[in-house]
Structures are given as structure tokens and as C-alpha cells.
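Student: one predicted model, sequence on top.
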Amino acid sequence: ILIVLGLLGLTPYLYLFWAATHASLGSWGDTSSLSGWPAVGFWTHFLRKEYGTFSLYSGDEGKGGQKQLMLAMSLYVKNLLTADSMYIGFLSVGGVFFALKNEGAASFSGIVLSMFTCYMIIFHWLANLPLDKPLFFGVHIRFWMQSHLITFGFIGIGLERLLSAVSLWKKPLVIPLAIGLVCAQVGINFKMQDQSNNYHVWNFGHVLLDPRPQHSLILTQGDLVTNSIRYLQRCEKVRLDVAHLDMPMMTYEWFASMHGPHFPYPPEGKPVVFPGVQFAVGAKRLVEHRKCCSYSMKQFLDANWGSKRPMYIMGGWYGSEMPDGRDLNGMMIPGYEAEMVGAGARIVKYKKTMKKKEWKEEVAKFKIPEQIPEAWLYDDKSWERTLTHNYITYAQSLWVSRMDKAIKKGKEMEGSPWVKDQPEIQRVIENLERCLGWAEEIRFGREDLYRNLGIAWGRLKCE
């Protein structure tokens, strides 16, 4: 009976076979069959092979094993003994001791302790996130909630034994104490955990999407960039005319067949063209996925350039296709450049920049929200802090680009360091100083900003 009930619990997976025939943009994999090619099949999806079976992270710098286990366990103990338990985590040791000594509950306590031990060892052995990076550490600690359920149960037992030892385990004292501890947690953490006015990712998605011309094609990478756009398009039906392609997903053989037919295109244009089964930098044979019919980013851009739709890159290129991986004057795809226009860059042919009027109109649409994530509320372990990093990077890149354009217009006179377009240099300085204010607050990217501000001040005429 238990086996039958267990199998019944897996029946929702049957939905995936039907869902694959109605795949929506942003969905993962092709589960229309058990296995096959080019559809990788249900088993690949079920076992999470493409991302890494029993792995939390797919990046190259991720490490698991004994070293990861020891580091993660030490971090767990450190956090448990301090902020996570309001500095009473040490009572869990006593709680375990007394629970195992209790004849009536020893067996049950042993089972619970075994569950805890198995979870801690297996999870931390396989959880291969790079814990030296604050954002990934923030993702990692979310999985501590399961083990905390058991740990805090033992803390409760330890606290009961401690208070009983000093004859303080009495209802008139214990009930107010329990209520007080809960209220203290709420009082201490409520301001930090109140996300009722958190629209930062929503605003970020609009910063990325709203300025784009009709029927644009956007190539993205990075969770924050990709998912903020995907949310607005899939859930709020914003800018459905824009074709949004996630470059990491393009490396899978099911992407073109499952998603390709759904991308919007201009009435007078043609659908998005995929010149192969899957994208690979430089069209090299892929090791991690299938090894057939790959296409390069250059081939993809060449195939779609005739559609005359504006194309953008956000989050950077997936990799350089230049000889030896070199970055030639900002060019990473042979024959193409990326011209900064704010939150992202417009893809243009090499040495063929945007028309001046068109560039000015698009740059003018780039607006960073007045309210960016508060530094005191969001630390380096949050996505909101990463979002602030992006704003600083976008704004600095744009205004440095504008400074370069002003310098290219020429100087006031031969031998003079001052450029002709002094009002533009003043705007550059004002906006870079605004970025520096954000950067100083969160200690990010200050060196580049100081250097670029120094260059800008050197081009400003002193009265």
C-alpha cells in the first residue's frame, strides 16, 4: 500500500507530457517523450541532468565534496550560535543529550537526530555553490530552514531543562517568556523583512523593456535580467512585441523547436531564424549537451540581420567568438559591436554606429528609478544588491560612452585638453558623481568611477 501511495504521489509528473505540447516561452525542456533527439526527453528533465543531477549549482567554480561539507557545516554552526538563534543555539547540544536520555522519547529522538544528520551531510556534500560569494551564500542558507526545524526543537528541550534546573520552569514565567521571544524576533527583524513595498525587480524589468523600439529582439543572460523581463511578459503581458531570447537556454537542443515558433515578429518581417539546433560559442561542439548541429552567435545574427529588427544584448555576450577569445576594441562577435544605450547595448555592424538622432532618442529613455534598493536593507547576499550593481554598471558605461563621443567631437583648440562640448562633459560629471554616491554606500565599483571622473574633470574647462 505504501508503494502504491508513493507512486500516486508522483502522478503530477504526468502533466509534463501534456505541457510539452503547449510549451510557453520560458518553460524548460522537452518532455513530450521519455527520451529521444532532438527532444532530450522526460527522464533527462526528471533527473535534472542538464543542470546537474543532485547538484545545486551548474557553474564551473562550484565545488562539492569533503571540503565543501566542512566549510558549510562550520558556517551553519557559526550562524546557529549567533544571529539565527538569538545567541541561544548552544542549548541545542543539551537538548539532544536530554532527549536521548529520556526513555519514553529516546527512540523517536534518535530517528529525528538521524534525519537531521543525513540531511546535513548529504545536502552540504552535494550543495556545490561557491560560498565565498555573498549572493550564492544567501541562496545556500535558504536550505537551512529544514534543518532549523529540528535544531530549534532541541533548543526548546535544552531551554526547558535549563529553566527546570533552576526551578524557573513555571507557567507564569514560561508562557510570557515564549511569547516574549517570538515578539522579540518579530520586533528585531520586521523592518528588515518587510517587503510590502519591494518593487525593485519589477522596476528593473521595466527599465530593461520599456525603452526598446517595437518588435525588438533581446538576447540576455543572468537570472536577474532574464527573469525580470520574463515575469513582465509572461505574467503582466508587458511588451509582448519584443522577442526575448535567453542565451544560456539557447545552448539546449530543445530551445529552437519548443520556443522558436512562439517568438513575436513584425507583421512585415519574418520569424526568428535559428541556423542550427543549438547555440554554442563559435559553433564549437558542445561537451555538456548534444554534440550536433550547433551554430555560433555570428551565424545567428547573420541569419536574423535581414529582418531589420533592432537587436540588443543585455547581461553581456555569452562568450567571445574572436580568435583566441580576444576582445578587439570591444568587439566579441566577428563583424558586430555593442553600442551602449543604457540598460543594455544595441547590436550594430562593425564600425557602423547608430544614427545620431536615433541614439539620442533611445539614450534619453534610459531612466534609473528614483528609489533604488536601500543599502541598509539589502546586503550582498540579496538579489536587490545585485540589481544596484547593475544600475551602477549601466549608468557608468553609458556616461563614459557619452564622454568618449564628446571627446571625439574635438577640442577647443590644438593642444588644449578641453573638449568643445562642455555642457555634455558637465552632464557626464554630474551623473558619474551620482553613481559614485551609490557606489560609496555599498562599496562597489568605486575605483572605476574615480578614474572616469578624473578623466571627465580633466576635459572640463575651469573658469
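Tutor: Cool, the structure landed.

Student: residue 96 is in contact with residue 154, correct?
Tutor: Yes. With contact defined as Cβ atoms under 8 Å, residue 154 counts as touching residue 96 (5.2 Å). From N, CA and C alone the C-beta is placed, and that goes for glycine too.

Student: what's in contact with stretch 352-370?
Tutor: Stretch 352-370 has contacts (Cβ atoms under 8 Å, 6 or more residues apart in numbering) with 200, 203, 207, 210-211, 213, 337, 339, 341-343, 346, 348, 391, 394-395, 398, 402.

Student: which residues touch stretch 297-313?
Tutor: Under Cβ under 8 Å, 6+ apart, the answer for stretch 297-313 is 212-213, 215-220, 243, 247, 265-266, 269-270, 272-276, 279, 281, 283, 317-318, 321, 333-336, 338, 341, 344-347, 349.

Student: rewinding a little: tell me which entries of the contacts of stretch 352-370 lie within helices.
Tutor: 200, 203, 207, 391, 394, 395, 398, 402 (DSSP state H).

Student: which one of those residues is nearest residue 420?
Tutor: Comparing the ones in helices among the contacts of stretch 352-370 against residue 420 with Cβ to Cβ places residue 402 closest, at 14.2 Å.

Student: which among the contacts of stretch 352-370 end up buried?
Tutor: Among the contacts of stretch 352-370, those that count as buried by neighbour count (16 or more other Cβ atoms under 10 Å) are 200, 203, 207, 211, 337, 339, 341-343, 346, 348, 391, 394-395, 398, 402.

Student: tell me the phi and psi of the residue lying farthest from the centre of the chain?
Tutor: Centroid-distance maximum for the chain: residue 167 at 51.8 Å, with Cα atoms, centre = their mean. With angles defined as degrees, to the nearest 10, residue 167 sits at phi 60, psi 40.

Student: cool, and residue 235?
Tutor: phi -100, psi -40.

Student: again with residue 278
Tutor: For residue 278, the backbone dihedrals (degrees, to the nearest 10) come out as phi -150, psi 150.

Student: same question for residue 197.
Tutor: Main-chain dihedrals, residue 197, degrees, to the nearest 10: phi -110, psi 20.

Student: need the pLDDT of it.
Tutor: pLDDT for residue 197: 91.

Student: average pLDDT for the helix or strand that contains residue 113, rounded please.
Tutor: Per DSSP states H and E: residue 113 is located in helix 106-126. Averaged across helix 106-126, pLDDT comes to 93.

Student: so which elements touch that helix?
Tutor: Packed against helix 106-126, as judged by 3 or more Cβ pairs under 8 Å, 6 or more residues apart in numbering; DSSP states H and E, are the following elements: helix 66-81, helix 91-101, helix 144-165.

Student: just after the last one, pick out the following helix or strand.
Tutor: Toward the C-terminus, helix 144-165 is succeeded by helix 171-193 as the next helix or strand (DSSP H and E).

Student: point out where the stretch 51-200 of the chain drops to low pLDDT.
Tutor: Applying pLDDT under 70 to the stretch 51-200 of the chain flags the ranges 59-63.

Student: for the nearest residue to residue 293 once chain neighbours are set aside, give me the pLDDT.
Tutor: Nearest non-adjacent residue to residue 293, counting by Cβ to Cβ, 6 or more residues apart in numbering: residue 277, 3.8 Å away. In the prediction, the pLDDT value recorded for residue 277 is 86.

Student: next, residue 277: phi, psi?
Tutor: Backbone torsions of residue 277, given as degrees, to the nearest 10, read phi -80, psi -40.

Student: same question, residue 333
Tutor: Per-residue torsions, residue 333: phi -120, psi 120 (degrees, to the nearest 10).

Student: so residue 25 touches residue 259, yeah?
Tutor: Yes. Between residue 25 and residue 259 there is a contact under Cβ under 8 Å: 5.9 Å.

Student: chain center to the particular helix or strand that has residue 225 in it: distance?
Tutor: Applying DSSP H and E as the criterion places residue 225 in helix 223-235. Using Cα atoms, centre = their mean, to the nearest Å, the mean C-alpha position of helix 223-235 is found 11 Å from that of the whole chain.

Student: again, but for stretch 448-463
Tutor: Once both centres are worked out by Cα atoms, centre = their mean, stretch 448-463 turns out to sit 33 Å from its chain's centre.

Student: how about stretch 213-222?
Tutor: The chain centre lies 17 Å from the centre of stretch 213-222; the measure is Cα atoms, centre = their mean.

Student: how about the nearest residue to residue 32, chain neighbours excluded?
Tutor: Counting by Cβ to Cβ, 6+ apart, residue 32 lies nearest to residue 20, which is 3.8 Å off, once chain neighbours are set aside.

Student: so that neighbour makes contact with residue 31?
Tutor: Yes. Using Cβ under 8 Å, residue 20 is in contact with residue 31, at 4.5 Å.

Student: now the helices and strands packed on helix 106-126 as TSV including distance to residue 41 and mean neighbour count?
Tutor: As requested, those are exported to TSV (distance: least, Cβ to Cβ, whole Å; neighbours: other Cβ atoms under 10 Å):
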stretch	distance to residue 41	mean neighbour count
helix 66-81	31	15
helix 91-101	45	17
helix 144-165	31	17
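
Student: so which of the ones you listed comes closest to residue 295?
Tutor: helix 66-81 (36.1 Å).

Student: low-confidence ranges, the stretch 301-450 of the chain, go.
Tutor: Within the stretch 301-450 of the chain, the stretches with pLDDT under 70 are 324-330, 412, 415.

Student: per-residue pLDDT, residue 287?
Tutor: pLDDT, residue 287: 52.

Student: begin at 131 from now on, thanks
Tutor: Sure, I'll start numbering at 131, so the last one becomes residue 417.

Student: how far away from the center of its chain is stretch 277-291?
Tutor: 34 Å.

Student: return it as CSV; C-alpha atoms alone will do.
Tutor: Below are the C-alpha coordinates for stretch 277-291, written out as CSV (Å, rounded to 0.1, in the frame of the first residue of the first chain):
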residue,chain,number,x,y,z
SER,A,277,17.5,21.6,9.5
HIS,A,278,16.5,24.5,11.7
LEU,A,279,13.1,22.9,12.3
ILE,A,280,14.9,20.1,14.1
THR,A,281,17.6,22.2,15.7
PHE,A,282,15.2,24.6,17.3
GLY,A,283,13.1,21.7,18.6
PHE,A,284,16.2,20.6,20.5
ILE,A,285,16.9,24.2,21.6
GLY,A,286,13.5,24.2,23.2
ILE,A,287,14.2,20.9,25.1
GLY,A,288,17.6,22.4,26.2
LEU,A,289,15.9,25.6,27.4
GLU,A,290,13.3,23.6,29.4
ARG,A,291,16.0,21.6,31.2
